[in-house]
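Provided below for reference: sequence and predicted model.
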Amino acid sequence: MEVFECVSTLSSVRMYDDREAGMDVIRKVIEAGRLAPSAHNDQPWEFVLITDKTRLREMAKYCISGSFISQVSFAVVVLADPDSKWQQIDTTRAAQNMVLTAWSLNLGSCWIGRLDKDGIKNYLNIPAKWDILTVLPFGYFNNKIVPHKKLRKSPEEVFHLNEYGTKIIE
Ligand SMILES: Cc1cc2nc3c(=O)[nH]c(=O)nc-3n(C[C@H](O)[C@H](O)[C@H](O)COP(=O)(O)O)c2cc1C
């Protein structure tokens with residue numbers, strides 16, 4: 001899939017079917033995270049890949065606004081090093097790389113924001129020093145029931161030409 005098509009069609013998926021992603025696909029998705037750029041090339045991240053079905057179901061307890069994690073093929077817990085200055089930006093870029101790569105391979109995802117982080121750390125044996133940026137579920141889905149991309153603000157509302165307040169004329 002061409003990059004702009006990927007970006008412009010990407011939408012959050014919260015209902016998944018039971019098809020499993022192969023290890024080649026999973027590997028590509030996590031590689032997209034590992035290869036992200038970061039300030040000073042700090043790479044202030046680690047990733048916990050979850051493929052085990054029992055664990056994915058259990059994770060629903062800790063993913064407060066993303067219980068759909070129980071339905072997916074795999075998930076990635078994105079860990080951020082709090083000692084690195086730009087860790088939130090860097091890890092977010094890694095997360096977006098993974099989501100876009102997955103989308104290009106016909107896998108849906110959805111950022112899960114509300115998490116019981118202590119519960120997840122305890123359940124997955126994650127050392128205390130790490131912060132959890134997000135948990136990303138990944139799975140195949142029925143294209144016909146995925147809602148269309150949510151409406152964005154119009155170009156007129158968000159673009160300025162050369163200086164603030166001058167509209168870009170089509
Ligand atoms: C930082 C962030 C946190 C989010 N948290 C959640 C969440 O906890 N649960 C959820 O279902 N969607 C979550 N989303 C998805 C957004 O609701 C979604 O991206 C937005 O409504 C636009 O819809 P779209 O992604 O389908 O275009 C989050 C997205 C971002 C960027």
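Nice, I can see it.

CA atoms for contacts and neighbours, from now on please.
Fine.

from residue 93, how far off is the residue lying closest to residue 84 once chain neighbours are set aside?
With C-alpha to C-alpha, 6 or more residues apart in numbering as the measure, residue 44 is the residue that lies nearest to residue 84, at 6.2 Å, once sequence neighbours are left out. Between residue 44 and residue 93 the computed distance is 11 Å (C-alpha to C-alpha, to the nearest Å).

with residue 49 instead?
Distance check for residue 49 against residue 93: by C-alpha to C-alpha, it reads 17 Å.

do residue 61 as well
In this view, residue 61 and residue 93 are 26 Å apart by C-alpha to C-alpha.

my guess is residue 86 meets residue 41, correct?
No - contact between residue 86 and residue 41 fails when scored by C-alpha atoms under 8 Å: they sit 10.4 Å apart.

can you pick out the residue with more neighbours from the two?
Neighbour tally, residue 86 and residue 41, criterion other C-alpha atoms under 10 Å: the higher count belongs to residue 86, 17 against 9.

what pLDDT does the nearest residue in space to that one that is not next to it in sequence get?
Nearest residue to residue 86 in three dimensions, chain neighbours excluded: residue 39, at 6.5 Å (C-alpha to C-alpha, 6+ apart). Residue 39 is assigned 98 on the pLDDT scale.

measure residue 126 to residue 43 for me?
Spatial separation of residue 126 from residue 43 under the definition C-alpha to C-alpha is 18 Å.

between those two, which one's more packed in?
For the pair residue 126 and residue 43, the greater number of neighbours falls to residue 43 (20 against 15), based on other C-alpha under 10 Å.

on the three-state scheme, that one is what?
With DSSP: H, G, I helix; E, B strand; the rest coil as the basis, residue 43 sits in coil.

dihedrals phi and psi, residue 74?
Note on residue 74: backbone dihedrals following degrees, to the nearest 10 are phi -160, psi 170.

and the residue nearest to it when sequence neighbours are not counted, how many neighbours?
For residue 74, ignoring the flanking residues on the chain, the nearest one in space by C-alpha to C-alpha, 6+ apart is residue 51 at 4.7 Å. Number of residues near residue 51 (other C-alpha under 10 Å) recorded here: 17.
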